[in-house]
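Student: model this:
(2 chains)
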Amino acid sequence: MSRPFSGRKDGLSLSEALPDRSLFALVAMMGFLAALTLAGASGARALSARWSGGAAQLLTIQVPDADTALTTQNGPSATTTRVQAVLADLASLPEGAQIHQLTPPELARLLEPWLGETDNSALPLPAIIRVKLPPDTTVPAALEQTLNAHVPGTIVEHNARWGERLRALANSLLACAGLALLSVGGIATMITGLATRTGLATRKDIIKTLHGLGASDSYIAGRFAWRTATLGFGGGLTGTLVACPPLLLLLQMAAPFASAPQATPERLLPTDWQALANTIPPDMLCALAFLPFAAAFICWFTTQVMVRLWLLRLP
Amino acid sequence: MIRLDNVSWRRGKKDNGPVLANLSFAVPQGGFRWLLGPSGAGKSSLLSLLHIENLPTDGQMSILGKTVAQEEKRAALVRLRQRIGMVHQDYQLMPDLSVADNVALPLRLQNRPEDEIQDEVHAILKWVGLGERVDVPATRLSGGEQQRTAIARAIIHRPGLILADEPTNALEESQACRLLDMFAELSAMGTTVVVATHNESLVRRLERPFLFLERGRLVEEGGERA
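Tutor: Next up is the predicted model:
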């Protein structure tokens, strides 16, 4: 025997009226896409910040025939090689500048994608010197001329030029991610709108009866909105959780772009997931945690608007 | 009380002919009116208008002392609608709810305490003879039981105005008489009652003033109908 007073308070029975599974599943898919997009946006923003901040202070100097004796006006020097002369000139850079000549193994690893095992290469390789200037300092304007006058053939590559281009690239990626998020939000809004319309169509008579009994617009819209918001939250949470493993994989794969070159992964799957999870940027974590709430809000707001507009046809 | 001054109502576009035309009458607070007329005369439309399911397209209408017009705020109309009890011809019960939950609806929409609601519902269902059917889903009720449930739902919140559209259609004569006695009692207690019916014997049993509609117009308004 059923109870005289059930949990169903008003007969709307929204769990049956709204297409639960489809709304939940579609919002979950949107949540999944949004999570990936958010991660991409977060990564692009981090790269942009890194490239604009760090790369602007970096110089790369190539010294061909590095171990050849320096030629002076008096003929070849017996004690100084060309690379030693360049290093000596770089000592005049602002205090705090870090100067590092790549060791043969570092150079070999750097060129490995192009030259293979460089240890066995007969190619004459230049010496590479990496200079990191302290923050808020600029490269002396005449550095390249000075080095070239002293050690002819020296190439100074200022990374700031690349930094600018990469920053522009990162910013355009960021804009794309923003547009993708807007699209995902728009699609979620449309899906919720369609689900709400279906619910309104199937419960038209019951809504009219409730309206006649004195139910306010906010009561009816609220009942529908909380239902879709619950489904949206569940869908958003599911989509975000499903997106986490692929995101960690992508993070692992993108590690070389985000950190030092020696962090290049040797295997596709990381060995220490916990350590990898700890490397997720906090802003990305916040964005992912916010995602289910954003999905719930989109569903709630869309339903509120749709139901209230529909109710306007009743006096 | 109810007051209508030259009220017309048309469905849909402006060039549609009026369903109700130039109605003018008043019913004092606590008054009882039979609403009579042939099928299609506009009785149900007039009850819908009085229940604020539709708004007058012309003229002035006030219900329970409040003006009802297109420009009134929706919240004010909601509050006014909560003071009206309506028994529809097709009952309009919630199919997914039990008898008790159906009857409890007006009180729940007014956010009354749940224990108070349950006491009221049990009392009124006992009164309409459904005390043993409280937990039955509305879809499993007979026509007469559905009608009694609809009546109980219309009066449980002690409305200031009760509108009933053929309320005794599916009732046995003894129940119909009880219902009429109840309407008369409510009227005597200050509730305005308007009952639309075809049932002449019912009208003769309870002699009260009447409104006679024909093709959407009020053609006769009289005292007690003999």
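
Student: in the chain, where is pLDDT below threshold?
Tutor: Picking chain A for this. Applying pLDDT under 70 to chain A picks out residues A:1-8, A:17-20, A:50-56, A:116-122, A:160, A:254-279.

Student: my bad, chain B
Tutor: Judged by pLDDT under 70, the stretches of chain B that qualify are B:224-226.

Student: does whichever residue of it sits closest to chain A count as helix, strand or coil?
Tutor: Distances between chain B and chain A by C-beta to the nearest C-beta are smallest at B:Met94, namely 2.9 Å. Using the backbone N, CA and C atoms, a C-beta is placed for each residue, glycine as well. Classification of B:Met94 using DSSP: H, G, I helix; E, B strand; the rest coil returns coil.

Student: so who does residue 154 touch?
Tutor: Went with chain A since none was named. Residues in contact with A:Thr154, defined by C-beta atoms under 8 Å, 6 or more residues apart in numbering or on different chains, are A:Ile61, A:Gln62, A:Val63, A:Pro64, A:Arg82, A:Val86, A:Glu144, A:Leu147, A:Asn148.

Student: wrong chain, I was asking about chain B
Tutor: Here B:Ala154 is in contact with B:Gly85, B:Met86, B:Val87, B:Ile162, B:Ala164 (C-beta under 8 Å, 6+ apart).

Student: count the residues that sit near the closest residue to it other than its chain neighbours.
Tutor: Nearest non-adjacent residue to B:Ala154, counting by C-beta to C-beta, 6 or more residues apart in numbering or on different chains: B:Gly85, 3.5 Å away. Neighbourhood size, B:Gly85 [other C-beta atoms under 10 Å in any protein chain shown]: 26.

Student: what's the neighbour count on residue 49?
Tutor: By default, I'm working from chain A. A:Ala49, neighbours per other C-beta under 10 Å, totals 12.

Student: my question was about chain B
Tutor: B:Leu49, neighbours per other C-beta under 10 Å, totals 26.

Student: what's the answer for A:Gly96, then?
Tutor: 10.

Student: nearest residue to it other than its sequence neighbours?
Tutor: A:Pro134 (3.6 Å).

Student: list the contacts for the one you found?
Tutor: A:Gln57, A:Pro94, A:Glu95, A:Gly96, A:Ala97.

Student: mind putting these in a markdown table, secondary structure and distance to B:Leu4 included?
Tutor: What follows is these, written out as a markdown table (DSSP: H, G, I helix; E, B strand; the rest coil; distance: C-beta to C-beta, whole Å):
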| residue | secondary structure | distance to B:Leu4 |
| --- | --- | --- |
| A:Gln57 | helix | 85 |
| A:Pro94 | coil | 93 |
| A:Glu95 | coil | 95 |
| A:Gly96 | coil | 91 |
| A:Ala97 | coil | 93 |
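
Student: what's the closest of these to chain B?
Tutor: Among the contacts of A:Pro134, and counting by C-beta to the nearest C-beta, the member closest to chain B is A:Gln57, at 63.6 Å.

Student: the closest one contacts A:Asp136, doesn't it?
Tutor: No - judged on C-beta atoms under 8 Å, A:Gln57 makes no contact with A:Asp136 at a distance of 9.0 Å.

Student: neighbour count winner among the two?
Tutor: More neighbours surround A:Gln57 than the other of A:Gln57 and A:Asp136, with 20 against 7 (other C-beta under 10 Å).

Student: could you check how many residues crowd around the residue lying closest to that one once chain neighbours are set aside?
Tutor: Spatially, and ignoring its direct neighbours in sequence, A:Gln57 is nearest to A:Leu133 (4.5 Å; C-beta to C-beta, 6+ apart). Neighbourhood size, A:Leu133 [other C-beta under 10 Å]: 19.

Student: before we move on, what about the one 4 residues further on?
Tutor: Residues near A:Thr137, counting by other C-beta under 10 Å, number 13.

Student: for A:Thr230, give me its contacts.
Tutor: Each residue near A:Thr230 by C-beta under 8 Å, 6+ apart is listed here: A:Ala296.

Student: same deal with A:Leu250?
Tutor: With the criterion set at C-beta under 8 Å, 6+ apart, A:Leu250 makes contact with A:Ala39.

Student: ranges for the strands of the stretch 201-315 of chain A?
Tutor: Ranges of strands within the stretch 201-315 of chain A: none, based on DSSP state E, counting those that start in this stretch.

Student: in space, what's closest to the residue in it positioned nearest to chain B - neighbours in sequence excluded?
Tutor: Nearest to chain B, among the residues of the stretch 201-315 of chain A, is A:Gly214, at 3.3 Å (C-beta to the nearest C-beta). Of all residues not flanking A:Gly214 in the chain, B:Gln82 sits nearest, at 3.3 Å (C-beta to C-beta, 6+ apart).

Student: before we move on, what about A:Val63?
Tutor: The shortest distance from A:Val63 to any non-neighbouring residue, by C-beta to C-beta, 6+ apart, is to A:Ala127 (4.4 Å).

Student: isn't the one you found up against A:Pro104?
Tutor: No - with contact defined as C-beta under 8 Å, A:Ala127 does not count as touching A:Pro104 (9.9 Å).

Student: looking at these two, which is more packed in?
Tutor: A:Ala127 (22 against 11).

Student: check contacts around that one.
Tutor: By C-beta under 8 Å, 6+ apart, the neighbours of A:Ala127 are A:Gln62, A:Val63, A:Ala66, A:Asp67, A:Val83, A:Val86, A:Gln101, A:Leu102.

Student: show me the helices in chain B, by range?
Tutor: B:43-50, B:74-81, B:99-109, B:114-127, B:143-155, B:173-188, B:200-205 (DSSP state H).

Student: distance check, the residue positioned nearest the centre of chain B against A:Phe301.
Tutor: With distances taken as C-alpha atoms, centre = their mean, the residue of chain B nearest its centroid is B:Leu163 (1.7 Å). For B:Leu163, the distance to A:Phe301 equals 37 Å [C-beta to C-beta, to the nearest Å].
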